[in-house]
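Participant: Sequence and computational prediction follow.
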Amino acid sequence: MQTSVHRIASLPSMAWALSWPRGGQPRGHLGEQVARRGSGWFEGTWGLGDDPAPAAQVYGSGVVPVGDRLLLVAPSHNVESLFVYRGPRGVVAANSLALLLAVAGVAMPFDRRLGARFATIVYGIDRYERLLVRWPDGGELERLAYDNAFLDEHGQLHRVRKPLDPPFPDVSAYRDYAVATFAATFAHAPGLIPTATCSSGYDSAGLAVLSAAAGCRQAVALARSRRGDEDTGAAVAERLGLALHTAERLDRVDSWSQVSDYFATGCSGQDACYQPLEPWLRGRLLVTGFGRLWDLRGSADAVLSRGDLSGVSLQEVRLLHRFVHLPGLMIGGRRHPELVAMAYSPALAPWRLGGSYDRPVARWVIESAGVPRGTFAVQKRAASLLGFRDESLWSEAARAECRAACPESWVAAAASWSVRAGDGWDRLRWFLLRHLPNGKAAVARWFRDDRVQQMAGLDNVLRFGAGLAGLVARYQRWLDGAGLGRD
């Protein structure tokens with residue numbers, strides 16, 4: 001199948017959209033740094049192998065024509081998604097929800113359950129809600145996380161699970177595979193600067209070790225945690241020879257424009273803590289510790305389930321500021337049960353310290369690189385901005401700006417008696433269940449679990465509407481001013 005391409009200099013350089021009108025030819029609308037691959041395209045990087053389409057580890061996305069269908073290549077994690085709209089006039093797919101809506105010329109309708117629907121991505125790659133929106137004219141919006149999928153001219157997705165990472169007979173085999181994967185991702189993105197996040201905890205410190213072994217020479221950290229503790233991981237960076245850049249975290253929202261793009265993904269906006277780093281991150285391949293591969297808490301599974309939504313709010317931001325996101329704990333993520341069994345094996349007994357914050361595999365990785373015990377992971381710290389559940393983190397001006405930016409139709413719908421009553425009943429049930437004995441289990445059984453229900457409130461949905469509407473308007477201006485494309 002042949003595709004045509006409209007390359008648009010005004011778009012964020014890693015953003016792309018595919019439009020496929022009924023009975024017509026597929027066309028790509030590409031930012032300047034989306035690379036052509038044959039008659040398809042790709043942005044980002046990938047791990048082992050010469051081609052991102054069959055790779056087990058992909059950090060970015062693209063489109064590959066195969067026969068009379070198109071293969072959508074999705075990231076190998078559930079921190080980002082692809083989106084597909086099928087409507088009366090055809091199909092649109094994109095790596096940005098805002099760009100998709102601008103190309104399709106449709107507006108996102110209000111639904112008070114949108115926040116919770118988006119948040120189901122924490123359940124992993126088998127149980128998240130795929131159908132996000134249905135329009136009165138029959139149009140539908142679907143998301144694609146982790147799996148690749150063949151797309152036909154009717155907009156139907158035929159999912160293809162990515163290859164499984166090889167088994168890890170021991171912790172050395174896991175480390176060697178992770179280092180080889182990092183090295184390949186760096187090599188496949190020669191124009192990007194590998195940069196590891198490096199806080200004082202287990203996850204980013206362990207990934208900094210693996211990244212450094214693959215050739216990474218730079219690190220970045222927020223200076224302080226949410227509680228105000230020093231959190232740079234400077235001792236780890238110094239030991240690894242990484243040049244460390246630090247910045248203060250955003251700990252309060254004084255202006256809606258500071259954070260609006262973080263809410264356009266439909267989730268929590270909690271990654272807005274990284275807002276001060278936006279200019280510095282341009283042109284980088286950012287290795288982060290989002291995921292639970294080394295975590296012993298909860299049930300081990302092979303579906304990339306998450307404890308929270310950290311990282312998800314970066315999707316639109318990373319396109320706008322031209323960096324690629326590599327959540328390093330997704331390397332081997334579907335081997336989580338094996339890594340947990342390994343952590344409890346006699347071989348790793350010297351690296352098991354007990355307690356709720358214990359990651360023997362990570363500790364082995366870090367200490368085997370010569371980082372002394374006691375210089376990392378002394379206590380659990382966190383950086384996320386929890387504005388989705390703490391209204392005290394918002395200034396009155398920021399709240400007013402957000403309300404003014406939200407589509408009028410959403411504000412009117414949210415003010416209706418039925419929506420307010422439904423939202424109030426949901427909040428009351430959630431409050432009661434959380435304060436009953438074993439309340440969280442009751443929430444998960446009768447309602448939605450804590451991770452998802454926190455996103456179900458009207459305030460979060462309206463912030464999503466405001467963030468998305470503003471970003472769609474910007475994409476529309478960029479498209480309108482594009483002029484003639486070039487192949």
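Facilitator: Received it, and whenever you're ready, just let me know what you need.

Participant: A383 and V461, how far apart?
Facilitator: Distance from A383 to V461, counting by C-beta to C-beta, to the nearest Å: 25 Å. Where you see a C-beta, it was placed from the backbone N, CA and C, and this is true even at glycine.

Participant: between these two, which one's more packed in?
Facilitator: Counted by other C-beta atoms under 10 Å, A383 and V461 do not tie: V461 has more neighbours, with 27 against 23.

Participant: how about the residue nearest in space to the middle of the chain, secondary structure?
Facilitator: With distances taken as C-alpha atoms, centre = their mean, V79 lies nearest the centre of the chain, 2.5 Å away. Three-state call for V79 (DSSP: H, G, I helix; E, B strand; the rest coil): coil.

Participant: mind listing what the residue nearest to it when sequence neighbours are not counted touches?
Facilitator: Take V79 and drop its neighbours on the chain: the residue closest to it by C-beta to C-beta, 6 or more residues apart in numbering is G311, 4.2 Å away. Contact partners of G311, counting by C-beta atoms under 8 Å, 6 or more residues apart in numbering, are 79, 271, 288, 290, 325, 327.

Participant: Just the pLDDT at the residue nearest to the centre of the chain, thanks.
Facilitator: With respect to pLDDT, V79 scores 96.

Participant: if I look at it, how far off is L326?
Facilitator: 10 Å.

Participant: So which residues of the stretch 301-450 of the chain form helices?
Facilitator: Secondary structure of the stretch 301-450 of the chain (DSSP state H, counting those that start in this stretch): helices at 315-320, 336-343, 360-368, 396-405, 408-414, 417-434, 439-446, 450-453.

Participant: Nearest to P166 among the ones you listed would be which one?
Facilitator: Shortest distance between P166 and the helices of the stretch 301-450 of the chain, using C-beta to C-beta, is found for helix 336-343: 10.6 Å.

Participant: tally of neighbours for A400?
Facilitator: So A400, with other C-beta under 10 Å, has 12 neighbours.

Participant: So what touches stretch 335-345?
Facilitator: Residues from elsewhere that reach stretch 335-345, judged by C-beta under 8 Å, 6+ apart: 164-165, 167-168, 170-171, 174, 292-294, 296, 300-302, 304, 332, 348, 352, 359-361.

Participant: Of these, grab the buried ones for ChimeraX.
Facilitator: Remark: buried members of the contacts of stretch 335-345, expressed as a ChimeraX selection using 16 or more other C-beta atoms under 10 Å:
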select :165,168,171,174,292,293,294,296,300,301,304,332,348,352,359,360,361
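
Participant: Check which helix or strand C216 maps to.
Facilitator: Assessed by DSSP states H and E, C216 sits outside every helix and strand.

Participant: Pick out the least confidently modelled helix or strand of the protein, by mean pLDDT.
Facilitator: helix 439-446 (a mean of 74; mean pLDDT, DSSP states H and E).

Participant: Please tell me how far G355 sits from H158.
Facilitator: When G355 is compared with H158 (using C-beta to C-beta), they lie 46 Å apart.

Participant: Same question for F83.
Facilitator: 17 Å.

Participant: ok, those two, which is more surrounded?
Facilitator: Each of F83 and H158 has its neighbours counted (other C-beta under 10 Å); F83 has more, 22 against 12.

Participant: What does the more buried one show for phi and psi?
Facilitator: With angles defined as degrees, to the nearest 10, F83 sits at phi -130, psi 140.

Participant: For A119, see how far away it is.
Facilitator: 16 Å.

Participant: If you drop the residues flanking it in sequence, what lies closest to P194?
Facilitator: P194's closest residue in space is C216 (C-beta to C-beta, 6+ apart), at 4.0 Å.

Participant: got a list of what that neighbour touches?
Facilitator: With the criterion set at C-beta under 8 Å, 6+ apart, C216 makes contact with 182, 186, 194-196, 208, 242, 287.

Participant: With neighbour count, pLDDT and distance to G38 as added columns, please give those in JSON lines.
Facilitator: JSON lines is the format used below for the contacts of C216 (neighbours: other C-beta atoms under 10 Å; pLDDT from 0 to 100; distance: C-beta to C-beta, whole Å):
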{"residue": "F182", "neighbour count": "27", "pLDDT": "98", "distance to G38": "27"}
{"residue": "F186", "neighbour count": "20", "pLDDT": "98", "distance to G38": "24"}
{"residue": "P194", "neighbour count": "24", "pLDDT": "98", "distance to G38": "27"}
{"residue": "T195", "neighbour count": "26", "pLDDT": "98", "distance to G38": "30"}
{"residue": "A196", "neighbour count": "34", "pLDDT": "97", "distance to G38": "33"}
{"residue": "A208", "neighbour count": "33", "pLDDT": "95", "distance to G38": "36"}
{"residue": "L242", "neighbour count": "23", "pLDDT": "96", "distance to G38": "37"}
{"residue": "V287", "neighbour count": "29", "pLDDT": "98", "distance to G38": "29"}
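
Participant: Keep only those of those that are in helices.
Facilitator: 182, 186, 208 (DSSP state H).

Participant: just checking, the second one touches A214?
Facilitator: In other words, F186. Yes - counting by C-beta atoms under 8 Å, a contact exists between F186 and A214, whose distance comes to 6.1 Å.

Participant: Mutual contacts of those two, please.
Facilitator: By the contact definition C-beta under 8 Å, 6+ apart, F186 and A214 are jointly contacted by P194.
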